[in-house]
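**Student:** Generate a structure from the sequence data that follows.
(one chain, ligands or ions: 1)
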Amino acid sequence: MPFSTLISETDPNSGICTITINRPDKLNALNSEVIRELKQVFESVASDEAVKAVILTGSGDKAFVAGADIKELSNLDEKTGEELSIKGQAVFASIENLGKPVIALVNGYALGGGTELALSCHMRIATSNAVFGLPEVSLGLIPGYGGTQRLTRLVGKGKAMELILSGRMVKADEADALGIANHVYDDKEAAMEASKNLMSNILRQAPVAVARAIEAVNASETGKESGYAEEARLFGSLCATGDFKEGTTAFLEKRKPSFKGN
Ligand code: CO8
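**Tutor:** Here you go, the predicted structure:
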């Protein structure tokens, strides 16, 4: 299937499909086309029996995904903001609930929607130059693709609060210590080799058991649906604020924002 923002390649021997988000000039930022194509590609790998596992990465060495596309975000209002959040959450949930293992190979910046996308994968293998973070508050926003929910479950409430409220970014070693990254490798080549080795180990196990294990681990998360709906509602409500206009405009004008608190 041809894509304009993704490259999808399946190795017929291993059954591992590598999906690469391919907008290197915008650090692989998630615009609506990327979200639409991610939906399509994960629908297609779900139904393709030749695909046994997925490795998701970003093109180049600088970024996995530097966030949602801030140019597109800047036009959102309360209604379209909440709608886009719900739509994106569904795509990310389809990754989390794919009955096949998914590794995010995080090669460089994974910010905002980039960290949220990596968190929706089952495991994260990082390169030593990886940077994770949810800097949405610096734009007058909150994470809207499930980050408030998944980061909290992964690292606990206190650490999640610290990272989401301050927008502080964490480098690979700290992400490893926090449990955000499963492992860290020197460069993309080593991280890819390690990701493939890990997948090969998983693919040697009983396939139905692996699929059920994914379901069972996902089922450990209770109270899921209401948390995501609240995130989307709050995300939308922030799209009606002056601080959101100021935050996104300041990024696009390459200057520091001046927030007024309204
Ligand atoms: N959106 C759009 N364009 C981007 C983004 C982005 N998130 N990130 C980088 N770019 C673009 C830059 O504008 C630049 O484009 P151009 O060359 O045309 O000016 C190009 O990519 C290269 O970027 P930089 O020149 O900025 O590269 P640097 O090495 O100087 O800096 C950084 C790298 C630090 C990663 C910097 O690009 C940056 O701060 N990017 C934004 C990071 C960010 O704030 N991400 C969070 C976005 S908000 C978000 O993800 C919300 C998710 C929830 C959405 C929910 C529903 C809608």
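**Student:** what bits of the stretch 151-262 of the chain have low per-residue confidence?
**Tutor:** Of all residues in the stretch 151-262 of the chain, those with pLDDT under 70 make up the ranges 222-223.
**Student:** Skipping its backbone neighbours, what lies nearest the residue in it positioned nearest to the ligand in space?
**Tutor:** Closest to the ligand within the stretch 151-262 of the chain is Phe235: 5.7 Å, counting by C-beta to the nearest ligand atom. (Each C-beta comes from the backbone N, C-alpha and C, glycine too.) Take Phe235 and drop its neighbours on the chain: the residue closest to it by C-beta to C-beta, 6 or more residues apart in numbering is Gly144, 3.6 Å away.
**Student:** Just give me the neighbour total for the one you found.
**Tutor:** The tally of other residues near Gly144 (other C-beta atoms under 10 Å) stands at 29.
**Student:** now it, what's its secondary structure?
**Tutor:** Under the three-state scheme (DSSP: H, G, I helix; E, B strand; the rest coil), the conformation of Gly144 reads as coil.
**Student:** quick one, phi psi at it?
**Tutor:** The main-chain torsion angles of Gly144 are listed as degrees, to the nearest 10 and equal phi -130, psi 0.
**Student:** can you offset everything so residue one is 232?
**Tutor:** With 232 as the first residue, the last one maps to Gly375.
**Student:** That one is in contact with Thr311, isn't it?
**Tutor:** No - counting by C-beta atoms under 8 Å, Gly375 stays clear of Thr311, with 11.7 Å between them.
**Student:** re earlier: so which helix or strand takes in the residue of the stretch 382-493 of the chain closest to the ligand?
**Tutor:** Phe466 is part of helix 455-469, with elements assigned from DSSP states H and E.
**Student:** Now do whichever helix or strand comes after that helix: which elements does it pack against?
**Tutor:** Towards the C-terminus, the helix or strand next in line after helix 455-469, according to DSSP H and E, is helix 473-483. Contact partners of helix 473-483 among helices and strands, from 3 or more C-beta pairs under 8 Å, 6 or more residues apart in numbering; DSSP states H and E: helix 301-304.
**Student:** who in the stretch 332-481 of the chain is up against the ligand?
**Tutor:** Taking C-beta under 6 Å from any ligand atom as the criterion, the stretch 332-481 of the chain approaches the ligand at residues Tyr340, Leu342, Gly343, Gly344, Pro366, Glu367, Leu370, Leu372, Pro374, Gly375, Tyr376, Phe466.
**Student:** Cheers, nothing more for now.
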